[in-house]
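1. Coordinates for the following, if possible.
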Amino acid sequence: AQLYNSLLQKIRGLTMQPEMHWARSVYWMHSVLVDEDKFGCSRDELMARLKAKGIDSRPFFYPMHQLPTYAKGYSDREFPIATMLSRSGINLPSSAKLSEGDIRRVCQAIADIAANR
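-> Got it, this is the predicted structure:
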């Protein structure tokens with residue numbers, strides 16, 4: 001997580017996971033937010049371009065109010081923050097088996113995509 005953060009923090013349009021002073025993240029997944037206007041492409045386009053480079057990624061979780069089980073109870077309400085996070089969040093590759101070289105490759109691919117928008 002520290003390596004991801006240090007290599008990605010200067011890329012315009014990416015927001016790293018915040019960590020409050022009273023909490024410690026277990027970084028089960030390493031996630032970033034993609035600001036389409038500042039980064040130069042959408043989260044979905046970034047995911048597609050990473051996939052073309054052989055790098056898998058996943059979208060953030062779907063907001064609960066959009067899941068079929070809950071949708072009927074919340075169809076008359078809006079949850080703009082949950083919706084924004086869902087649309088702009090990407091989970092980067094993460095595993096106990098991920099090497100430093102793997103992380104550097106992912107970050108370099110993201111940097112290359114950002115530079116060639």
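2. ok, which stretches of the chain are helices?
-> Using DSSP state H, the helices found in the chain span residues 2-8, 36-39, 43-52, 68-74, 80-88, 100-115.
3. okay, the ones you listed in CSV with mean pLDDT next?
-> CSV is the format used below for the helices of the chain (pLDDT from 0 to 100):
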stretch, mean pLDDT
helix 2-8, 95
helix 36-39, 96
helix 43-52, 98
helix 68-74, 82
helix 80-88, 94
helix 100-115, 97
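4. Now mean neighbour count too, for those helices, in TSV please.
-> Where C-beta positions appear, they are placed from N, C-alpha and C, glycine not excepted. Shown next, in TSV, are these (neighbours: other CB atoms under 10 Å):
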stretch	mean neighbour count
helix 2-8	15
helix 36-39	14
helix 43-52	16
helix 68-74	10
helix 80-88	14
helix 100-115	16
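5. Contacts only, for residue 86.
-> Applying CB atoms under 8 Å, 6 or more residues apart in numbering to residue 86 gives the contacts 59-63, 66.
6. How many neighbouring residues does residue 95 have?
-> By other CB atoms under 10 Å, 7 other residues sit near residue 95.
7. go on, residue 40?
-> Neighbourhood size, residue 40 [other CB under 10 Å]: 17.
8. Verify the stated contact: it with residue 110.
-> No: applying CB atoms under 8 Å, one finds residue 40 not in contact with residue 110, separated by 11.5 Å.
9. how near is the spatially closest residue to residue 14 that is not a sequence neighbour to residue 92?
-> Of all residues not flanking residue 14 in the chain, residue 32 sits nearest, at 4.9 Å (CB to CB, 6 or more residues apart in numbering). Per CB to CB, to the nearest Å, residue 32 is found 7 Å from residue 92.
10. Before I go, just wanted to say thanks for your time.
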